[in-house]
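Asks: Only the shape, not the letters, is given here:
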């Protein structure tokens, strides 16, 4: 009986691992298509700050100007789209409405999205003085961290 239970738990763990891998593969495939650059040549970071957070993307190779330029174009578009309350791209990439998005749409005038180029890529700094908006931004960024498996801290850090 214990052996059967052990085998069942092992099989369940393997199935969960495969489902998790399939999910990440789908996120990466849709992300590469939507963003216009390869997740294999770039690194995403999602940061949480007291007033919001940031989305940072950099080319892994400092000489990869094509990826750098594609990142900059993508994040320029993201800053503009999010400012207008348009979150179609993350909904497509993740195949669901990410947590925080409904509130971020509703509170779009209370949230600032500022694009800035950084070495090898770009950043979108997201900030708000509205506590409900900050809570929504944190939910959105935490989801990005876990769904993209970036390993970034889920806690608030200093900018």
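Replies: Good, I have the coordinates. Everything numeric in this text was worked out from a predicted model, so none of it was measured.
Asks: CA atoms for contacts and neighbours, from now on please.
Replies: OK.
Asks: For stretch 129-141, buried residues please.
Replies: By neighbour count, with 16 or more other C-alpha atoms under 10 Å as the criterion, the buried positions of stretch 129-141 are 133-141.
Asks: again, but for stretch 84-92
Replies: The neighbour-count check on stretch 84-92 (16+ other C-alpha under 10 Å) flags 85-87, 89-90 as buried.
Asks: Residue 118 and residue 71: what is the separation?
Replies: Per C-alpha to C-alpha, to the nearest Å, residue 118 is found 10 Å from residue 71.
Asks: Neighbour count: the two, which is higher?
Replies: Applying other C-alpha atoms under 10 Å to residue 118 and residue 71 shows that residue 71 carries more neighbours, namely 26 against 13.
Asks: list the contacts for the nearest residue to residue 132 once chain neighbours are set aside?
Replies: Excluding its sequence neighbours, the residue lying closest to residue 132 (C-alpha to C-alpha, 6 or more residues apart in numbering) is residue 103, at 7.8 Å. Shown in contact with residue 103 (C-alpha atoms under 8 Å, 6 or more residues apart in numbering): 132-133, 136.
Asks: Who are the contact partners of residue 116?
Replies: Residue 116 touches 122-125, counting by C-alpha under 8 Å, 6+ apart.
Asks: tell me the SS of it?
Replies: When classified by DSSP: H, G, I helix; E, B strand; the rest coil, residue 116 comes out as strand.
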